[in-house]
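Asks: please work out how this folds:
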Amino acid sequence: MNAVPVPVPAPVTVQGSAERARERRQVAWAAAAVVFGGAPHMFTIVPWVPVLVLGIAWWRIAAAARGWRLPPLWLRVPVTVLGFLGVLVSYRSVSGAEAGSALLLVMAGMKLLETRVERDRVLVVLIAYFLLFAVFLREQAIWSTGWLVGGAVGITAALLQTVRREALLSVPGAVALAGRLLAQALPLALVLFALFPRIPGPFWAIPNAKLSGMTGLSDEVRPGDISELGQSDAVAFRVRFEGRVPPAGELYWRGPVLERFDGAGWTVLPPGRRAEAPPRFEPGDERYGYQVILEPQGNRWLLALETPLNWSAPRASLGHGLQLLSAEPIWDRVSYRARSAVGSAGATGASPRELDNNLRLPPGRNPRALALAGRLRAAATDDRDFVVRALDYFRDSGFAYSLSPPPLGAQPVDEFLFATRIGFCEHFASAFAVLARAGGIPARLVTGYQGAEPNPFGDYWIVRQANAHAWVEVWVDGAWQRVDPTATVAPARIESGFDQSLAENPRVTKRLWRSNAVVNRMVLSWDAVNAAWDRWVLAYGPEAQEDLLLALGFEVPRTMQLVLLSAGASVACLVLMALAMRGRARRPDPGTRAYAELCRRLAPVVRPRGAAEAPGNYAEAIARARPDLAADVRRMTDLYLRLRYGGPADPGGGRQLEQLVRAFSPGPAPAR
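Replies: Numbers count the residues shown, from 1 in each chain. A predicted model of the protein is given here:
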């Protein structure tokens, strides 16, 4: 009777066990890359997404360590669909900075659940790169570069570990190798960033939810709106003048023009109600050139001095009311040059329909203001005299300029003119515009910024949200003329700046902490650093590139010349890197020198090593030919292979190999 053979399980080899241990560590590196790349997003997205991704990462590492089976396809697909629907329900969209980041993070976690082979792990690490760089869609402050550099090094280390076929490097060794690789690529990246032709405007413009909570100008102004901006030290934009700087009294940065009055507040006219006649200009005696770096605001207006003559902002046009407008909302920092005629009369053309719109007042509102305008009109000899008399009324009637005006009721202009007489710039501008309209003079409200703060550390000027201002334009002598009633009541606001004009106001005192010279120098120094970051990194476009090339002594090249210049500079970088690496290759490390000496000593007593013979194969050939040398040769060869291919440079190991080779003295083969 034949015996039934009993199947014997195949023995677990040491090599197979080492490979499985390496794969488990590689899965852990891939999961760590997802967590590291997604960490900045986890504090800004809905909480269930980081909980889900961290849970998947923990489970995947545990599954690799304990040999659990991965979820089948029939389970992964529904979970992925549920993750997609969860993001869609949470954000009502899957696009935008936060929703897109949440979806990418969920998909990276789902991909971890099917990491079976090297290709899957590499794909997960590449997704981690996208997660890391997506941080710049939401946060572009200078401090974010620290996380970007650290994240790039960490994720690159994970990429190196996931593709290794030998034993993995130690954590410090992998990080050091990744840092060296990125440092070698840095010169080429800088050359391409600086010289490759820049695209006008931001490379991308994604609406940022954070902008919804930012203060800034609006297309509607009601009593108290601009006074709230007066409490904000946030930067609205920075400006560099090309040559002379306008006097403080002419630093009016034009923003929205508001022409509809409902009795309390002012709004921009709808597009269909705007005048179609193109504006015309009277050239002013003084013209100034300047460059603006505008902070993101989510609106279309581009700030410019009155009156803009030309500008470099892409897809921008001068709209109704001399307002410089971008074709799209500003979701990213924008840099542009402009030239303005300061002190000119401005637009000298207006259609009858436009003038009629700027005479309208709502019936039954602010009757006492209308009566005052009637008395001023009766006493005035002409429109100019009416304007002078209205300004005299503000100057001589005990009005006060304050960041904390009392609230107004149903007839806000009447209450301000005859009861409280305390207001901010929008109170004075609104009341004056109502008086002008009631006196038969077309008038409109203009909002923007007035003034600027010089920064001696950066040779530029800062315009903050606290510089927000409102003034009036009246149609006198066939042209729109600027009238600023605030300057009549508080001339220091225009000539000396916002802080000085309200130094006694308790709501401003907390903003005057910068009056300390040391603190103010620190604040301005840090702002200069941020301004350089904005100008040369975030807002680096055609104009900044032109400035850089001019500073380097180049004439401004055309696009094709820029392409050739960047290509030539890139080739030069690659050649220099190759020469540097070739020079290092010509200087072998101690381990390589020691192994070469070992081969030299073995050549005459056994045989020379072949030109393409691997060290391991050569060691086995020596062992077969000279068994008496096998142990020593294998030991030294293994040490050389570990030093050469197993990890980062180990000077101690190289010295050890040198000592072993120095003590090794192969003699002739022993007699048999």
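
Asks: what's the single longest helix in the protein?
Replies: Taking DSSP state H as the assignment, the helix of the chain that covers the most residues is helix 559-585.

Asks: contacts for the helix or strand following that one next, please.
Replies: Beyond helix 559-585 in the direction of the C-terminus, DSSP states H and E gives the next helix or strand as helix 590-605. Outside helix 590-605, the residues within contact range by CB atoms under 8 Å, 6 or more residues apart in numbering are 588, 608-609, 615, 618, 622, 626, 629, 633, 636-637, 639-640, 643-644, 650-651, 653-655, 657-658, 660-661, 664-669. For every residue, glycine as well, the C-beta is placed using N, CA and C.

Asks: hmm, back to that, and the longest helix of the chain, average pLDDT?
Replies: Confidence over helix 559-585 (mean pLDDT, whole number) is 79.

Asks: give the contact list for residue 241.
Replies: The neighbours of residue 241, taking CB under 8 Å, 6+ apart as the test, are 288, 289, 290, 461.

Asks: strands - which of these land there?
Replies: Taking DSSP state E, the ones among the contacts of residue 241 that sit in strands are 288, 289, 290, 461.

Asks: now the angle between helix 590-605 and the longest helix of the chain, please.
Replies: Between the axis of helix 559-585 and that of helix 590-605 there is an angle of 50 degrees, by axes from the mean of the first three to the mean of the last three CA atoms, to 10 degrees.

Asks: report the buried residues of stretch 164-184.
Replies: Of the residues in stretch 164-184, those buried by neighbour count under the rule 16 or more other CB atoms under 10 Å are 164, 168, 169, 173, 174, 175, 176, 177, 178, 179.

Asks: just send those residues back as CSV, with distance to residue 63, secondary structure and pLDDT too.
Replies: Output for the buried residues of stretch 164-184, formatted as CSV (distance: CB to CB, whole Å; DSSP: H, G, I helix; E, B strand; the rest coil; pLDDT from 0 to 100):
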residue, distance to residue 63, secondary structure, pLDDT
164, 21, coil, 83
168, 19, coil, 84
169, 23, coil, 85
173, 26, helix, 88
174, 23, helix, 89
175, 26, helix, 91
176, 30, helix, 91
177, 28, helix, 91
178, 26, helix, 92
179, 31, helix, 92
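
Asks: can you put those residues in JSON lines and add distance to residue 547?
Replies: Formatted as JSON lines, the buried residues of stretch 164-184 follow (distance: CB to CB, whole Å):
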{"residue": "164", "distance to residue 547": "45"}
{"residue": "168", "distance to residue 547": "47"}
{"residue": "169", "distance to residue 547": "44"}
{"residue": "173", "distance to residue 547": "42"}
{"residue": "174", "distance to residue 547": "40"}
{"residue": "175", "distance to residue 547": "37"}
{"residue": "176", "distance to residue 547": "37"}
{"residue": "177", "distance to residue 547": "37"}
{"residue": "178", "distance to residue 547": "34"}
{"residue": "179", "distance to residue 547": "32"}
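
Asks: hey, where'd the helices end up in the stretch 1-150 of the chain?
Replies: 14-38, 48-66, 73-91, 97-112, 118-133, 144-162 (DSSP state H, counting those that start in this stretch).

Asks: of the ones you listed, which is nearest residue 468?
Replies: Across the helices of the stretch 1-150 of the chain, residue 468 has its closest neighbour in helix 97-112 (26.6 Å, CB to CB).

Asks: thinking again about what came up before, from the contacts of residue 241, which two are the most distant?
Replies: The largest separation in the contacts of residue 241, counting by CB to CB, is between 289 and 461 at 13.7 Å.

Asks: ok, the two, which is more surrounded?
Replies: residue 461 (18 against 15; other CB atoms under 10 Å).

Asks: what's the first helix or strand after the worst-scoring helix or strand of the chain on mean pLDDT?
Replies: When the helices and strands of the chain are compared on mean pLDDT, DSSP states H and E, helix 506-509 comes out lowest with a mean of 46. Sequence-wise, the next helix or strand beyond helix 506-509 is helix 517-533, with elements assigned using DSSP H and E.

Asks: what angle separates that following helix from helix 144-162?
Replies: For helix 517-533 against helix 144-162, the angle between stretch directions is 50 degrees (the same axes, to 10 degrees).

Asks: oh, and call the first residue 49 from now on, that's how I've got it
Replies: That works, and once the first residue is 49, the last one we named lands at helix 565-581.

Asks: would you mark the buried spots in the longest helix of the chain?
Replies: Using 16+ other CB under 10 Å as the test for burial, helix 607-633 gives 610, 613, 614, 617, 618, 621.

Asks: which residues touch the nearest residue to the third one once chain neighbours are set aside?
Replies: Of all residues beyond its chain neighbours, the one nearest residue 614 is residue 243 (3.8 Å), with distances taken as CB to CB, 6 or more residues apart in numbering. With contact taken as CB under 8 Å, 6+ apart, residue 243 is in contact with 593, 610, 613, 614, 617.

Asks: I'd like those written out as JSON lines, with distance to residue 439 added.
Replies: Putting those into JSON lines (distance: CB to CB, whole Å) gives the following:
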{"residue": "593", "distance to residue 439": "47"}
{"residue": "610", "distance to residue 439": "54"}
{"residue": "613", "distance to residue 439": "58"}
{"residue": "614", "distance to residue 439": "58"}
{"residue": "617", "distance to residue 439": "60"}
